[in-house]
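[1] okay, sequence plus prediction incoming.
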Amino acid sequence: MSPKRPREAQNLFAAAGLEQDAPHPLPDKLRPRTLSEVVGQDHILGADGALTRMLATRTLGSLIFWGPPGTGKTTVARLLADATELHFEQLSAVFSGVADLKKAFDAARARREMGKGTLLFVDEVHRFNRAQQDSFLPVMEDGTVVLVGATTENPSFELNAALLSRARVLVFHSLDAGAIEKLFAHAEKIEGKKLPLDAEARAVLVRMADGDGRAALTLAEEVWRAAREGEVFNAGQLQDILQRRAPIYDKSADGHYNLISALHKSVRGSDPDAALYYLARMMDAGEDPLFLARRVVRMAVEDIGLADPQALVIANAAKEAYDFLGHPEGELAIAQAVIYLATAPKSNAAYTAFGAAMRVAKEAGSLLPPKHILNSPTGLMKSEGYGSGYEYDHDTPEAFSGQDYFPDALGHQTFYDPPDRGFEREIRKRLDYWAKLRRERRPK
């Protein structure tokens, strides 16, 4: 690799030329020096990538980089500044406030007057509040800065609409196995030695990186530190040495919602294996099992309903079993419920029926039920016809009177339409039979 190009010295240590002799972590030593060296983001930096096309025209608008940690967002921003000959200014929303923003904007204005543009890179930009995000708008609009914001959170939810309308969102992907392998091969070339791992252990190390390039190189460095002369680790030894890296999973952010969505849709799609995989992912990452149990109950009523009435019973029983057994034994009860729900017949008929009834209830207003089904505890109410003509169903043939129960002004409505599968096949037969009796007993 070519030596690091000189940059503006950030401290006296670097200015004195001593920095090259200081120890550097492997991710820093292997930091790409050109955009072509960035791995895993070909959709952005390949021949037809969005940034490649921008650079070809020598124009660069404000950008939001959205993606998980260790995918190259900061590196690409720095290299973009080099490629467009802009001054690179970096801030972190975690450590910066209004005063820091004002200072950065003033410095950018001064540079602009001297004919030098500024690329302002803001890490974790979603951490800024609404007012702080709004402060970027004037300097973006008048060209004082080219803003490049980086975020691990969904910009649609975390960034102001006004800011998003002035910037293009580019999505950075987690590094796939091939990209991680390229990093390892590059590291071996720079270090002049192979990773002391057999083939299986090397594949495990790739998986442990979890798509994070920085983490991949940090793990590789730990492996080299742990190895004695001539030692080669197998997969079991590797996991003992590294104590495995925890999965990337933020219980309050995208990782949480992505996985619970995947679990729910796998159950709805009747794939018990995929459902178990996402359940295991969430449990392995430390999700609260009672949160999972509550979602399983929701799946039972939303996606199975009366196609299998036992689904709700089993989902509730799983929650009770976890309450009784605790961790880790109780987790098996939740897994069992997930399998049952995934393999049960599916119906959202009750879910859609309730939604339709809620809409009509809101739109129709406070309509009085028909008088024949109203109680008449007073003489006045009896004189007004309350309760008059009511037929007690148990005293009628087949315990079915066929009377109307909707408000007169509304007329009979149909909300529940059970499909011909699971237990709802039997309910369908009953409803069809009662509809036939209702037609026969309706006054001519």
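    Great, that's in hand.
[2] that's a strand at residue 121, yeah?
    Yes: applying DSSP: H, G, I helix; E, B strand; the rest coil, one finds residue 121 inside a strand.
[3] pLDDT weak spots in the stretch 301-444 of the chain?
    443-444 (pLDDT under 70).
[4] where along it do the helices fall?
    310-325, 331-343, 349-364, 379-383, 424-441 (DSSP state H, counting those that start in this stretch).
[5] hmm, who's touching the fourth one?
    What that stands for is helix 379-383. Residues from elsewhere that reach helix 379-383 (CB atoms under 8 Å, 6 or more residues apart in numbering): 374, 375, 376, 387, 388. Where you see a C-beta, it was placed from the backbone N, CA and C, and this is true even at glycine.
[6] list the contacts for the last one?
    With contacts taken as CB under 8 Å, 6+ apart, residue 388 has the following neighbours: 371, 372, 376, 382.
[7] can you do 10 Å?
    371, 372, 374, 376, 382 (CB atoms under 10 Å, 6 or more residues apart in numbering).
[8] strands along the chain, start to end?
    With DSSP state E, the ranges of strands along the chain come out as 63-66, 87-92, 118-123, 146-151, 168-171.
[9] same list (those strands) but as JSON lines, adding mean pLDDT, distance to residue 25 and mean neighbour count.
    Below are those laid out as JSON lines (pLDDT from 0 to 100; distance: least, CB to CB, whole Å; neighbours: other CB atoms under 10 Å):
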{"stretch": "strand 63-66", "mean pLDDT": "94", "distance to residue 25": "22", "mean neighbour count": "25"}
{"stretch": "strand 87-92", "mean pLDDT": "94", "distance to residue 25": "18", "mean neighbour count": "17"}
{"stretch": "strand 118-123", "mean pLDDT": "94", "distance to residue 25": "18", "mean neighbour count": "25"}
{"stretch": "strand 146-151", "mean pLDDT": "94", "distance to residue 25": "20", "mean neighbour count": "25"}
{"stretch": "strand 168-171", "mean pLDDT": "93", "distance to residue 25": "27", "mean neighbour count": "16"}
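[10] now distance to residue 207 too, for those, in JSON lines please.
    What follows is the strands of the chain, written out as JSON lines (distance: least, CB to CB, whole Å):
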{"stretch": "strand 63-66", "distance to residue 207": "24"}
{"stretch": "strand 87-92", "distance to residue 207": "30"}
{"stretch": "strand 118-123", "distance to residue 207": "27"}
{"stretch": "strand 146-151", "distance to residue 207": "25"}
{"stretch": "strand 168-171", "distance to residue 207": "22"}
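[11] residue 129: which of the ones you listed is closest?
    strand 118-123 (13.3 Å; CB to CB).
[12] that older thread, can you list the contacts of helix 379-383 in a markdown table and add distance to residue 438?
    A markdown table is the format used below for those (distance: CB to CB, whole Å):
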| residue | distance to residue 438 |
| --- | --- |
| 374 | 21 |
| 375 | 24 |
| 376 | 25 |
| 387 | 21 |
| 388 | 20 |
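[13] OK, contacts around the closest residue in space to residue 399 that isn't next to it in sequence?
    With sequence-adjacent residues excluded and distances taken as CB to CB, 6 or more residues apart in numbering, residue 399 is closest to residue 393, at 5.3 Å. Residues in contact with residue 393 (CB under 10 Å, 6+ apart) are 399, 400, 401, 402, 403.
[14] filter these down to the buried ones, PyMOL style.
    Only the buried entries of the contacts of residue 393 go into this PyMOL selection, using 16 or more other CB atoms under 10 Å:
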select buried, resi 400+401+402+403
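[15] quick check, nearest of the contacts of residue 393 to residue 322?
    residue 399 (40.8 Å).
[16] below-threshold pLDDT in the stretch 101-250 of the chain: ranges please.
    Within the stretch 101-250 of the chain, the ranges that satisfy pLDDT under 70 run 244-250.
[17] break the protein down into its domains, please.
    31-171, 254-343, 364-441 (automatic domain parsing).
[18] first to last residue in the longest one, what's the distance?
    Chord length of domain 31-171, first to last residue, is 20 Å (CA to CA, to the nearest Å).
[19] before we move on, back to that, of the contacts of residue 388, buried ones?
    For the contacts of residue 388, buried by 16+ other CB under 10 Å: 371, 376.
[20] make JSON lines out of the contacts of residue 388 and add distance to residue 144.
    Formatted as JSON lines, the contacts of residue 388 follow (distance: CB to CB, whole Å):
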{"residue": "371", "distance to residue 144": "73"}
{"residue": "372", "distance to residue 144": "75"}
{"residue": "374", "distance to residue 144": "72"}
{"residue": "376", "distance to residue 144": "78"}
{"residue": "382", "distance to residue 144": "81"}
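[21] just the CA coordinates for stretch 137-155, please, in PDB.
    Extracted in PDB, the C-alpha atoms of stretch 137-155 (Å, rounded to 0.1, in the frame of the first residue of the first chain):
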ATOM      1  CA  LEU A 137     -30.500  24.600   5.900                       C
ATOM      2  CA  PRO A 138     -29.200  28.100   5.100                       C
ATOM      3  CA  VAL A 139     -25.500  27.000   4.700                       C
ATOM      4  CA  MET A 140     -26.600  24.100   2.500                       C
ATOM      5  CA  GLU A 141     -28.800  26.400   0.300                       C
ATOM      6  CA  ASP A 142     -26.200  29.100  -0.200                       C
ATOM      7  CA  GLY A 143     -23.300  26.600  -0.800                       C
ATOM      8  CA  THR A 144     -21.300  27.500   2.300                       C
ATOM      9  CA  VAL A 145     -21.000  23.800   3.000                       C
ATOM     10  CA  VAL A 146     -21.600  20.500   1.300                       C
ATOM     11  CA  LEU A 147     -23.200  18.500   4.100                       C
ATOM     12  CA  VAL A 148     -22.500  14.800   4.300                       C
ATOM     13  CA  GLY A 149     -24.300  13.300   7.300                       C
ATOM     14  CA  ALA A 150     -23.900   9.700   8.500                       C
ATOM     15  CA  THR A 151     -26.500   7.800  10.400                       C
ATOM     16  CA  THR A 152     -27.200   4.300  11.400                       C
ATOM     17  CA  GLU A 153     -30.900   5.100  11.900                       C
ATOM     18  CA  ASN A 154     -33.600   5.300   9.200                       C
ATOM     19  CA  PRO A 155     -33.400   8.900   8.000                       C
END
